[in-house]
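**Student:** Attaching a predicted model along with its sequence, questions to come.
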Amino acid sequence: MGHNAEEEDPDEEENEVKNSISDLPSQVVFKKPSKEDASLNDFELMRIVGKGTFGKVFQVLHSKTGKIYAMKCIRKDVVLENESI
């Protein structure tokens with residue numbers, strides 16, 4: 001495989017970071033770096049997958065990548081009313 005010596009394995013890099021900060025409080029959450037942020041305008045609604053008390057789940061198409069995702073849309077008023085965040 002064409003693997004550059006300069007490229008690091010993302011899992012190895014993540015483990016190195018975790019080990020180097022092991023004394024920090026457990027509230028630290030690790031998030032893999034994303035290449036690009038997405039906004040609502042980047043998605044095309046395809047269909048409703050399901051409905052629930054708090055909102056709906058849609059099948060969406062990411063217009064830039066062509067990948068299909070599920071997007072949960074939650075009604076803020078219902079969440080606040082039930083004090084469930």
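**Tutor:** Here it is on my side, so go on.

**Student:** What about the closest residue to F54 other than its chain neighbours, how many residues nearby?
**Tutor:** Of all residues beyond its chain neighbours, the one nearest F54 is I74 (5.0 Å), with distances taken as CB to CB, 6 or more residues apart in numbering. Just so you know, the C-beta spots here come from the backbone N, C-alpha and C atoms, and that holds for glycine as well. Burial of I74 is recorded as 15 neighbouring residues (other CB atoms under 10 Å).

**Student:** Pull the residues that contact stretch 39-47.
**Tutor:** Contacting residues not belonging to stretch 39-47 are listed as 58-64, 68-69, 71 [CB atoms under 8 Å, 6 or more residues apart in numbering].

**Student:** Among those residues, name the buried ones.
**Tutor:** Under a neighbour-count criterion of 16 or more other CB atoms under 10 Å, the subset of the contacts of stretch 39-47 counted as buried comprises 58, 60.
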